[in-house]
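Chemist: Output the structure for:
(chains A, B and C)
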Amino acid sequence: MVTPLGSIRKRLFIQLALVAALLSMAFFLAVRGVAERAAEGTQDDILSASATAIADSLRSEDGAVTLDLPYSSLSMLGSINEDRVFYRVVTDGQTLTGYPDLPQPDQPPRLGTPSLQTLVYRGDEIRAASVTRPVSTGIGATTVVVTVAQTRQALAATSRQITATATSVGVGFFLLATALSLWAAGSALAPITRITGSVMRRGPTDLRPFETSAPDELVPLITALNSFMARLRASLSRTEDFITEAAHRVRTPLATVRAQAEITHRKLNKPEHKHAIREMIRAIDESSRSAGQMLDHAMVTFRADSLAQDALDLRSLMDETCDRLGPTADLKDIVIRRDTGDKPIPFTGDGILLQAALQNILDNAIKYSPDDSDIIARVGLDDKITLSITDQGRGFGETDLSALTTRYTRGANVSDIVGSGLGLTIADEVAKAHGGRLEISPNKKGKGACVSLIFPRG
Amino acid sequence: MCFADISARVMVALVALTLMTSSALGFEVESRKLYQAKSERSRLKVISTADLNVFDPIIRAFQDAHSGITVDYTVTGTTDLMGALYDEGAVFDLAISSAMDLQTKLANDGFAQDHAPQIATTLPAWATWRDQLFAFTQEPAILVVSDEFFAEGTAPQNRDELIAVLRDNPDRFQGKIGTYDVRRSGFGYLMATQDSRNSDAFWRLMEVMGRLDAKLYCCSGDMIRDVASGKLALAYNVLGSYAAAQLKHTNGFQIIEMSDYVNVMSRTALIPRTAENVDDARMMLDFLLDLKARKDLVAASGLPAVDAAALRTNPSLRPVRYGPALLVFLDNLKRQSFLRNWENSLLQN
Amino acid sequence: MRFLLIEDNPKLAGVVVERLQLDGHAVDHAGTLAEAGDLTAVANYDLILLDIMLPDGDGRDFLERQRQAEKRTPVIVITARSAVSDRVGLLDLGADDYIVKPFDFSELEARVRAVLRRQGGAADNATTFAGTTLDATKGELRFDNQTVALRNRELRLLEVFFAAPGQVFSKAHLIDRLFSMSDEVSDNAIEVYVGRLRKRLEGAGAKIETVRGLGYRMVAW
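Modeler: Numbering: from 1, shown residues only, chains lettered A, B, ... in the order given. Okay, the predicted model is just below:
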């Protein structure tokens, strides 16, 4: 039994999906990080510009620092968003104008460089830009710190939007990558599926090596499989040889016994003794004939899976069969009348199988025909090829004609004749293997039956 | 502010409170009226700079639409309204003011709360800020001229023409010019600062007016009255909605919308952070924002609704925009310096 | 007729020789290919019966040698292999026919006859009695410039009578000669064939005579 260790496809897919998830997450963080820094940078730039504009408007008047708040300094902040704006201008620690409680930077910003920090003011997170500007008052120079701050709601909204976008892109990427992973896992394993399919589709006796193209990784498996099949084939063929051999071994003693029996039969005078001997001989013939047919049938099954493609002439095949069985027919004064035409009938197929089929049909016909009767062997060619043997025997009686081709089924009225019932089965299987069929019908002219092998034309 | 509409309605109880009783609040209450609902479910406290007679029909219509709400309507000045909310922590559910800059400062400094109006999509972008400030009127600042001084078709149509007319006829206009005292009037200050931004002509106009010994007023109504009576030849930066309302009753003056530009002011409603009856405040705010749909109320109150189409067809109309820019002229130093300039120009004697 | 049986199994060889002798044939037996080579070198056979599996080589080699030596003696192969695939190759190798063990001697005889007929026949296969000639190879009867074609059983029956003219053959003996072991026949079936022979022999110098209670014999008129 095979113990399932889980699916490779599933494992492959999960691993690929995990990688995709990690990449998606990294992608998400990167996009959001960059975008948020960009958005923050924009706000910082505007806050710095605003603070610088205010600082630029500082002047001294009557020894004191004063400020004419430039309109643009706050309007520029309002132009990009609707965040709340706070500002404060501090001179020597004293608030000159603006929001006196607005926090100052922890350290006074260096000259020329705005300092930026994120603070909490009036319950909201704010971003503050501060610049330091020395102002000459005539008496001396005083240092003024200008701070401009803005809440970060627009930034938060932008951030949410970026997060949403990055999330949807990340999720989209993940889903796409997952779908691709699924596809990739499937396509990577497709050769296995293909090979599995080609193993499953094989017939029970098809032990040919696989010649399918396979990825490098699967070549050892295929090679191993092929080598296993070769061993199996060799083993099967050894077994077959053994069975055949065993059957043959029995035949020589049987032949001896049979010859002995015939001699004895000659020498005996009492009819009942003669009858007993004949019964014995009949039993020998029956077992011999059955063994022969069984071996033929095994051969048909074996060869049908890998049909030989011989170039044949069905007409001469029929003639040869008639020649071969002519002496057998002679014994009963049966005349085989040939109606095989004068032209060869080319056909591509397995000659040995077709010969076996024809011999079995003709042999049957001879066996079931009465003495001094005729058998007609006909080869017909119209839109199909018909090889038919018509006898004047007893026909098939009441037997279901379609059942005659199943194994070991014999006609309903032949219990007194030696036979195994495999003959028509063999013929039927050969016909099917060649894309044709076996047809059994009553003889149209008089009694008897007509058995035909019908093949489509080449 | 002089149209006392004391039409008593049976269903409404009118309670006029004396200044004495309101002085405890620390800000100056001009008037207060309680619109008692028949069966009171809730009470809505409104603080407003709009006169009672202007807002009366709106409140009544609101009560018709939403029964069970008693409206406590308090009228005060723009600075007092700001002070009441900003410094004194007075509790009101809705604050309505014509001072867009002060309303902006309230919102900027965290004294307003968000509202999602039901008709948000139809509001022009300039008519709202931070989901906290909502403009519901659209009122131009106009020039009012007396028929006695300007025959029809002779009045100046822009500021340069106005300056030229005044310069060319100093004797005729001496002491006959009126404008806001921006030191006292929030609306006057807002219009003057917007003027100073919009045009160089403003300071020249102020110089000319100063030479002509311009009269300074606290309120549009007074200026309109004096122009109508011929006491003044013209008044500059008068609230157009008041003038239009007055023109229905009084003859003797014309309303001139300057062709170079017209500052357009809006009354602004906000829900204070400290509001107690927020639900009704939202309903009232939505009601005000839908004023355009109530032509009867526009006519009765004389408050022109926000009309985006008018702005599109007349490019010289310049609505004052909300935003931190309005905070610039509220800066102490800036205000001091602006007023100093203004005084230097206008108060030459 | 003279047969050479090449068969390594002595028991089988023994009974086959005995059985063929019963039908009046002369049979030499060779147990190996070497022996067979010796025998064919000195004697002429009408037919060789060849078992395909032999201790000192494959019967196929013998067929090959025969063909190279252009020996015209026909060969019927006796094979234990019954499958069609095993049999067809033999004909290609030069065998004239084959027969599968265990075999019916009637069938063997029929095949021998068919092979000889195809070959053109041995000259000494015609027997004459009382001016009547039986040509077993051609399957015909000749007398007075007449030629009468014979069916298989008629021929075989006549062969029995021609082999020993004047001798009385019992019905049982004739049945044994005429029908195969697997046929179930009654005693009087032979009368049908005797009747037919008499018809064939009409006008000839020989005739079939009934010996009451004993059987039949062929005598001259």
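Chemist: CA only for contacts and neighbour counts going forward, please
Modeler: Fine.
Chemist: Who are the packing partners of the helix ranked longest in chain C?
Modeler: Criterion DSSP state H: the longest helix present in chain C is helix C:105-119. Using 3 or more Cα pairs under 8 Å, 6 or more residues apart in numbering or on different chains; DSSP states H and E, the elements in contact with helix C:105-119 are helix A:314-331, strand C:97-100.
Chemist: can you list these in a markdown table and add distance to chain B?
Modeler: Shown next, in a markdown table, are these (distance: least, Cα to the nearest Cα, whole Å):
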| stretch | distance to chain B |
| --- | --- |
| helix A:314-331 | 92 |
| strand C:97-100 | 106 |
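Chemist: Low-confidence stretches in chain B?
Modeler: Chain B contains residues with pLDDT under 70 at B:1-25, B:120-121, B:349.
Chemist: Quick one: residues contacting the closest residue to chain A within it.
Modeler: Evaluated by Cα to the nearest Cα, chain B has residue B:325 as its residue closest to chain A, separated by 4.1 Å. Listed by Cα atoms under 8 Å, 6 or more residues apart in numbering or on different chains, the contact partners of residue B:325 are A:71-76, A:78.
Chemist: how about the nearest residue to the residue nearest the centre of chain B, chain neighbours excluded?
Modeler: Centroid check for chain B by Cα atoms, centre = their mean gives residue B:98 as the closest residue, at 3.8 Å. Excluding its sequence neighbours, the residue lying closest to residue B:98 (Cα to Cα, 6 or more residues apart in numbering or on different chains) is residue B:267, at 4.3 Å.
Chemist: And the one you found, its phi and psi?
Modeler: phi -80, psi 140 (degrees, to the nearest 10).
Chemist: doesn't residue B:241 make contact with the residue nearest to the centre of chain B?
Modeler: No: counting by Cα atoms under 8 Å, residue B:241 is not a contact partner of residue B:98; they are 12.0 Å apart.
Chemist: Strands along the stretch 51-200 of chain A, start to end?
Modeler: Using DSSP state E, counting those that start in this stretch, the strands of the stretch 51-200 of chain A run over A:58-61, A:64-67, A:85-91, A:94-98, A:115-121, A:124-136, A:141-151.
Chemist: quick one: low-confidence parts of the chain?
Modeler: I went with chain A, as the question did not name one. A:1, A:203-205, A:397-420, A:458.
Chemist: was after chain C, sorry
Modeler: C:82-89, C:120-124.
Chemist: got the residue ranges for the strands in it?
Modeler: C:2-6, C:26-30, C:47-51, C:53-54, C:57-58, C:75-79, C:97-100, C:126-129, C:132-135, C:140-143, C:146-149, C:206-211, C:215-220 (DSSP state E).
Chemist: and these as CSV, adding mean neighbour count?
Modeler: Converted to CSV, the strands of chain C look like this (neighbours: other Cα atoms under 10 Å in any protein chain shown):
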stretch, mean neighbour count
strand C:2-6, 22
strand C:26-30, 19
strand C:47-51, 24
strand C:53-54, 18
strand C:57-58, 13
strand C:75-79, 24
strand C:97-100, 22
strand C:126-129, 17
strand C:132-135, 22
strand C:140-143, 19
strand C:146-149, 14
strand C:206-211, 18
strand C:215-220, 19
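Chemist: so who does residue 81 touch?
Modeler: This is for chain A. residue A:154.
Chemist: think we crossed wires, I meant chain C
Modeler: A:244, A:248, C:87, C:100-101.
Chemist: will you turn those residues into a markdown table that also has distance to residue A:98?
Modeler: Putting the contacts of residue C:81 into a markdown table (distance: Cα to Cα, whole Å) gives the following:
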| residue | distance to residue A:98 |
| --- | --- |
| A:244 | 115 |
| A:248 | 121 |
| C:87 | 120 |
| C:100 | 127 |
| C:101 | 128 |
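Chemist: Return the backbone torsion pair for residue B:210.
Modeler: phi -60, psi -40.
Chemist: Checking residue B:70 next. Helix, strand or coil?
Modeler: strand (DSSP: H, G, I helix; E, B strand; the rest coil).
Chemist: Which of the contacts of residue B:325 sits closest to chain C?
Modeler: residue A:78 (102.7 Å).
Chemist: Domain map for chain C?
Modeler: C:2-119, C:125-220 (automatic domain parsing).
Chemist: list the contacts for residue B:137?
Modeler: Residue B:137 neighbours (Cα under 8 Å, 6+ apart): B:265-268, B:303-306.
Chemist: Contacts for the helix or strand encompassing residue B:309, please.
Modeler: Element membership for residue B:309 (DSSP states H and E) is helix B:308-313. Applying Cα under 8 Å, 6+ apart, the set of residues contacting helix B:308-313 from outside is B:124, B:317-318.
Chemist: Repeat the analysis, applying 10 Å as the threshold.
Modeler: B:122-127, B:138, B:264, B:317-319 (Cα atoms under 10 Å, 6 or more residues apart in numbering or on different chains).
Chemist: Quick check: neighbours shared by residue B:98 and residue B:241?
Modeler: B:137, B:139.
Chemist: just how off-centre is stretch A:54-69 within its chain?
Modeler: 84 Å (Cα atoms, centre = their mean, to the nearest Å).
Chemist: First-to-last residue distance for it?
Modeler: Using Cα to Cα, to the nearest Å, the end-to-end distance of stretch A:54-69 comes to 6 Å.
Chemist: tell me the contacts of residue A:390?
Modeler: A:336-337, A:361-362, A:365, A:374-378, A:440-445, A:447-452.
Chemist: cool, and residue B:97?
Modeler: Residue B:97 neighbours (Cα under 10 Å, 6+ apart): B:47-50, B:75-79, B:81-82, B:103, B:135, B:187, B:266-270.
Chemist: 7 Å - rerun?
Modeler: Contact analysis of residue B:97 by Cα atoms under 7 Å, 6 or more residues apart in numbering or on different chains lists B:48-49, B:78, B:267-269.
Chemist: go on, residue B:218?
Modeler: Counting by Cα under 7 Å, 6+ apart, residue B:218 has contacts B:180-181, B:184-185.
Chemist: Name the residues of the stretch 351-458 of chain A found near chain B, please.
Modeler: Nowhere does the stretch 351-458 of chain A come near chain B, counting by Cα under 7 Å from any Cα of the partner chain.
Chemist: Taking the stretch 351-458 of chain A, what residue is nearest to chain B?
Modeler: Taking Cα to the nearest Cα, the stretch 351-458 of chain A has residue A:435 as its residue nearest chain B, at 78.5 Å.
Chemist: Surely that residue forms part of a strand?
Modeler: No: read with three-state DSSP, residue A:435 is coil and lies in no strand.
Chemist: State the distance from it to residue A:305.
Modeler: 13 Å.
Chemist: So between the two, which is more surrounded?
Modeler: Using other Cα atoms under 10 Å in any protein chain shown, the more surrounded residue of residue A:435 and residue A:305 is residue A:305, with 16 against 11.
Chemist: my guess is the more buried one contacts residue A:206, does it?
Modeler: Yes: using Cα atoms under 7 Å, residue A:305 is in contact with residue A:206, at 6.2 Å.
Chemist: Up against chain A, what does chain C have?
Modeler: Counting by Cα under 7 Å from any Cα, the residues of chain C that sit close to chain A are C:11-12, C:15-16, C:19, C:80-85, C:101-103, C:107, C:110-111, C:114, C:151-153, C:176, C:181-182.
Chemist: Out of these, which end up buried?
Modeler: C:11-12, C:15-16, C:19, C:80-85, C:101-103, C:107, C:110-111, C:114, C:151-153, C:176, C:181-182 (16 or more other Cα atoms under 10 Å in any protein chain shown).
Chemist: Pick the one among the contacts of residue B:325 closest to residue A:91.
Modeler: residue A:73 (18.7 Å; Cα to Cα).
Chemist: Looks like the closest one contacts residue A:50 (just checking).
Modeler: Yes: counting by Cα under 7 Å, residue A:73 does reach residue A:50; the two are 4.6 Å apart.
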